[in-house]
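# I would like the atomic coordinates for the input below:
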Amino acid sequence: QLPLVESGGGLVQPGGSLGLSCVASGFILNQYAIGWFRQAPGKEREEISCISGSGGNKNYADSVKGRFTISRDNAKNTVYLQMVSLKPEDTAVYYCAAAWTRLCVTLIGADDYNYWGQGTQVTVSS
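Residues are numbered from 1 along each chain as shown. Sure thing, here's the model as predicted:
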C-alpha cells in the first residue's frame, strides 16, 4: 500500500478550478508537514505549497500564491489543494509528499520529504 495517493487531477479549461486530494496511510499524518509539488514536461520539479502537521503554517510559491489553497483534515488522513483561476502553465503532474516533523515555516525543499505519492495529471487547456 502506497503511503500517499493523490487524486482529483484532470482536464480543465483556463480560468477553471480543480481540487486535488492526498490520502495518507501507514503513518500518523499530523506528525508530518505535507507539500505539493508539480513537474511539467521538460521542467524541474517545483514545490508549490506546504502545510505543517497542525495546519497552522502554510506557504506557497509565488507562481500559485493567491490562486491555490492548501488545507488538511488529519482525522481523514487527507490533505487538499484547491486550485482556482487555472492557467495553461499550471499543466503538470502534481505530487504530494510528507516531511516528518517539519513546520513549513517556509517551503521545505524536496530533499527533506520522506514519502512521495505517484502523482496526478492536471491539464489546463481549451
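
# who's in contact with the helix or strand hosting Ser21?
Here Ser21 sits within strand 18-24, counting by DSSP states H and E. Residues outside strand 18-24 that contact it (C-beta atoms under 8 Å, 6 or more residues apart in numbering) are 3-10, 12, 32, 34, 36, 76-83, 86, 94, 96, 98, 115, 117, 120, 122. Every C-beta, even on glycine, is put in place using the N, C-alpha and C of the backbone.

# center of the chain - which residue?
Centrality entry for the chain: nearest residue to the mean C-alpha point is Trp36, 2.3 Å, by C-alpha atoms, centre = their mean.

# A helix includes that residue, no?
No: using DSSP: H, G, I helix; E, B strand; the rest coil, the secondary structure at Trp36 is strand, not a helix.

# surely it is in contact with Ser49?
Yes: with contact defined as C-beta atoms under 8 Å, Trp36 counts as touching Ser49 (4.6 Å).

# who touches both of these two?
Residues touching both Trp36 and Ser49 by C-beta under 8 Å, 6+ apart: Phe68, Ile70, Leu81.

# what strands flank the lowest-mean-pLDDT helix or strand in the chain, and is each parallel or antiparallel?
When each helix and strand of the chain is scored by mean pLDDT, DSSP states H and E, strand 115-116 comes last, with a mean of 94. Strand pairing for strand 115-116, determined by DSSP bridges: strand 92-100 (antiparallel).
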